[in-house]
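S.K.: From the sequence below, what's the structure:
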Amino acid sequence: MPVLRERLKELASVEAAFIYGSWASRYAGERGEAPGDIDLLILGRPVRRSLARLCREASEELGFEVTPTVLSKEGWESDATGFIRSIKQQPLIPLHESVDDRG
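M.R.: Predicted coordinates for the structure are as follows:
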């Protein structure tokens, strides 16, 4: 997903980012209905307004709504909720995995 990879480089305070959900499942070869949107998982503390703009612009360019979920890295590692445990059991497509502390 080059569009999202490039845009994420511009977003500060992102430690990692992944596509999950139906888009990642189809990419991994699982059968099912065509995805209706792109589920984007962000680990870090990005500025919400910047993230919203990134998702809106990427949605327009890709023709699919990009739906972000933001978690702290600590929350992700804690397995504290069923939601987190569920995502970890599904395919994930890495988009960004370097620490970025520009802001």
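S.K.: mind listing the strands for the chain?
M.R.: 14-20, 37-44, 65-71, 93-96 (DSSP state E).
S.K.: Identify whichever of these lies nearest to Ile84.
M.R.: For the strands of the chain, proximity to Ile84 was assessed by C-beta to C-beta; strand 65-71 is nearest, at 7.1 Å. All C-beta atoms are positioned from the backbone trio N, CA, C, and that covers glycine.
S.K.: That closest one - contacts with which helices or strands?
M.R.: strand 37-44, helix 48-62 (3 or more C-beta pairs under 8 Å, 6 or more residues apart in numbering; DSSP states H and E).
S.K.: and the closest residue in space to Leu11 that isn't next to it in sequence, what does it touch?
M.R.: Leaving aside its sequence neighbours, Leu11 sits nearest to Pro46 (C-beta to C-beta, 6 or more residues apart in numbering; 5.2 Å). Pro46 is in contact with 11-14, 70, counting by C-beta atoms under 8 Å, 6 or more residues apart in numbering.
S.K.: By neighbour count, which of the residues you listed wins?
M.R.: Neighbour counts for those, by other C-beta atoms under 10 Å, peak at Val14, which reaches 26 neighbours.
S.K.: What's the local residue count around Leu51?
M.R.: 21.
S.K.: what do you get for the one 5 residues further on?
M.R.: By the measure other C-beta under 10 Å, the count of residues near Arg56 is 12.
S.K.: how close does it get to Leu11?
M.R.: For Arg56, the distance to Leu11 equals 13 Å [C-beta to C-beta, to the nearest Å].
S.K.: what sits in contact with each of the two?
M.R.: What both Arg56 and Leu11 touch, as defined by C-beta under 8 Å, 6+ apart, is an empty set.
S.K.: what two of the contacts of Pro46 are the furthest from one another?
M.R.: For the contacts of Pro46, and using C-beta to C-beta, no pair is farther apart than Ala12 and Val70, which are 13.1 Å apart.
S.K.: how about Cys55, what does it touch?
M.R.: Contact analysis of Cys55 by C-beta under 8 Å, 6+ apart lists 40, 66-68.
S.K.: now Arg5
M.R.: 95-96.
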